[in-house]
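J.: can you look at this prediction? I've put the sequence above it.
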Amino acid sequence: MTDTDPDSEPAATDHETASETSTETTDSERGADATAADGGDTDTLLVSSLEESTGKTAITLALARLAAADGERVGYMKPKGTRLQSNVGKTLDEDPLLARGLLDLEAEMHDLEPVVYSPTFVEQAIRGREDPAELRERVTEAFDTLAADCDRLFVEGGGRYDVGGIVDLTDADIADLLDARVLLVAPYEIPADVDDVLAAVQTFGDRLDGVVFNDVPDAAYDQLETDVVPFLEGRGIPVYGVLPSERELSGVTVAELADELGASMLAEEGRDAYVERFTVGAMGPDSALRHFRRTKDAAVITGGDRAEIHTAALEAPGVRCLILTGGHRPSGAIVGQASERGVPILSVQTDTLTTVERAEDVVRSGRTRDADTVDRMERLLSDHAAVDSILGRD
């Protein structure tokens, strides 16, 4: 809130009139912050991210568990529910559900997730049927309820830091509303990615506490530590950690993928192999073989009747499984070759485009939100990040 400037106070003929005028002005200025939260002595950290599926949930919950292990009372909330599923007739975000179980929270879901940021909600907001002021009040009321019972509250941002702008609830807006420090989670592959980090830093301003780079591939790790981290810190941007990519966190097993896709497994050898990316076999066999040989830890998605593509995929060392669409069953020779090479074959009823979309969604988000993943993230943070600095202990 901006205090009234005495030098600009309107003139008055008597003290009473001047006081009334000053009070009215102050109340008017207070309007924008009337819903500001009162977290008392609770330390509040908002974990935001440049992009979706950067490990934000795992990092948030791992930090909360590390703080709890030191005897602190911790809380959690995700003001905007963006990762939605149907649950007992209601649309809820899966992340608060996971948090409630892992952190043994007794809070109500409407406090953990005060705003359900669904496609329907977005449409209603664009039509002017959602009141930003009412939504801010809903968030602050939930925050105050949760903060009353904990020493430290972890607030998880939306899918990206800029989600929520249509109702003035971006992560930066929420940080201001809840008086929170911000930890930015960022991916990194090439130097140009630094531009995205700087844009987010500018958005958060003084609220930004520091940056953690997550899921950094081996090829980019040394450059990030040697060149990028000093560059950012030279600009006054603390980098609290550089977390290396771990296969168990960045991919799904073939068996998990089959389960998520509802696929039949025609050849099961190699079901525990990890898949990190997908490629579509829609070209000729010669081009397909050249393409498949350049890929790594990939699933090839193609029509079940494309025997020449199946053969090419099975000859490529980086292909971890075949996903055959349209419900077609390959020949016995293909199944035998796949079993011999230890490459599973999954058969789905859906078309290729639908299968690609579903499979990519599984890999993007499937391994970042379970208890085992949070355990792994705790170890990664302990080994590769300045946890005490993130928690504001030094």
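T.: Yep, it's here. Residues are numbered from 1 along each chain as shown.
J.: rest of the way, CA atoms for contacts and neighbours
T.: Will do.
J.: strands of the stretch 101-250 of the chain, start to end?
T.: Applying DSSP state E, counting those that start in this stretch to the stretch 101-250 of the chain gives strands spanning 115-116, 152-156, 181-186, 208-216, 239-244.
J.: worst average pLDDT in the ones you listed?
T.: Note on these: strand 115-116 shows the lowest mean pLDDT, a mean of 91.
J.: mind giving me the packing neighbours of that strand?
T.: strand 80-81, strand 90-93, helix 132-147 (3 or more Cα pairs under 8 Å, 6 or more residues apart in numbering; DSSP states H and E).
J.: residue 236: neighbouring residues, count only.
T.: When neighbours are defined as other Cα atoms under 10 Å, residue 236 has 10 of them.
J.: do residue 147 as well
T.: Neighbours of residue 147 using other Cα under 10 Å come to 26.
J.: residue 386 now?
T.: Considering only other Cα under 10 Å, residue 386 is surrounded by 16 other residues.
J.: for the residue lying closest to it once chain neighbours are set aside, give me its contacts.
T.: With Cα to Cα, 6 or more residues apart in numbering as the measure, residue 240 is the residue that lies nearest to residue 386, at 5.3 Å, once sequence neighbours are left out. Residues in contact with residue 240 (Cα atoms under 8 Å, 6 or more residues apart in numbering) are 210-212, 385-387, 389-390.
J.: follow-up on the earlier one: format the strands of the stretch 101-250 of the chain as CSV; extra columns: distance to residue 228.
T.: Shown next, in CSV, are those (distance: least, Cα to Cα, whole Å):
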stretch, distance to residue 228
strand 115-116, 36
strand 152-156, 26
strand 181-186, 13
strand 208-216, 11
strand 239-244, 10
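J.: closest to residue 102 out of these?
T.: Closest approach to residue 102 among these is made by strand 152-156 (13.4 Å; Cα to Cα).
J.: between that closest one and strand 181-186, how big is the angle?
T.: 40 degrees (axes from the mean of the first three to the mean of the last three Cα atoms, to 10 degrees).
J.: now strand 152-156: how far from the chain's centre is it?
T.: On the basis of Cα atoms, centre = their mean, to the nearest Å, strand 152-156 sits 14 Å off its chain's mean C-alpha point.
J.: do stretch 48-59 as well
T.: That offset, for stretch 48-59, works out to 3 Å (Cα atoms, centre = their mean).
J.: again with stretch 96-114
T.: 17 Å.
J.: same check on stretch 132-146?
T.: For stretch 132-146, the distance to the chain centre is 22 Å (Cα atoms, centre = their mean).
J.: mind listing what's buried in that stretch?
T.: The neighbour-count criterion (16 or more other Cα atoms under 10 Å) identifies 133, 135-146 as the buried residues of stretch 132-146.
J.: can you list the residues you listed in JSON lines and add pLDDT and distance to residue 112?
T.: Formatted as JSON lines, these follow (pLDDT from 0 to 100; distance: Cα to Cα, whole Å):
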{"residue": "133", "pLDDT": "96", "distance to residue 112": "19"}
{"residue": "135", "pLDDT": "96", "distance to residue 112": "14"}
{"residue": "136", "pLDDT": "97", "distance to residue 112": "14"}
{"residue": "137", "pLDDT": "97", "distance to residue 112": "14"}
{"residue": "138", "pLDDT": "96", "distance to residue 112": "11"}
{"residue": "139", "pLDDT": "97", "distance to residue 112": "9"}
{"residue": "140", "pLDDT": "97", "distance to residue 112": "11"}
{"residue": "141", "pLDDT": "97", "distance to residue 112": "11"}
{"residue": "142", "pLDDT": "96", "distance to residue 112": "7"}
{"residue": "143", "pLDDT": "97", "distance to residue 112": "8"}
{"residue": "144", "pLDDT": "96", "distance to residue 112": "11"}
{"residue": "145", "pLDDT": "96", "distance to residue 112": "10"}
{"residue": "146", "pLDDT": "96", "distance to residue 112": "8"}
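J.: circling back: among the strands of the stretch 101-250 of the chain, which comes closest to residue 99?
T.: Across the strands of the stretch 101-250 of the chain, closest to residue 99 is strand 152-156 (Cα to Cα), at 10.4 Å.
J.: tell me the contacts of residue 377?
T.: 58-59, 62 are the contacts of residue 377 under Cα under 8 Å, 6+ apart.
J.: quick one, the helix or strand where it lies and strand 239-244 angle?
T.: Per DSSP states H and E, residue 377 falls inside helix 371-384. For helix 371-384 against strand 239-244, the angle by the same axes, to 10 degrees is 120 degrees.
J.: residues of helix 371-384 that come out buried?
T.: 371, 373-374, 376-378, 380-382.
J.: could you check how far residue 170 is from residue 182?
T.: As judged by Cα to Cα, to the nearest Å, residue 170 and residue 182 stand 12 Å apart.
J.: so for these two, which residue has more residues nearby?
T.: Between residue 170 and residue 182, counting by other Cα under 10 Å, residue 182 is the more crowded of the two (28 against 20).
J.: quick revisit: between strand 208-216 and the helix holding residue 377, find me the angle.
T.: 110 degrees.
J.: show me what contacts residue 347?
T.: If you count contacts by Cα under 8 Å, 6+ apart, then residue 347 has 263-266, 304, 323-329 around it.
J.: distance of it from residue 256?
T.: 14 Å.
J.: low-confidence ranges, the stretch 201-350 of the chain, go.
T.: 247-248, 250 (pLDDT under 70).
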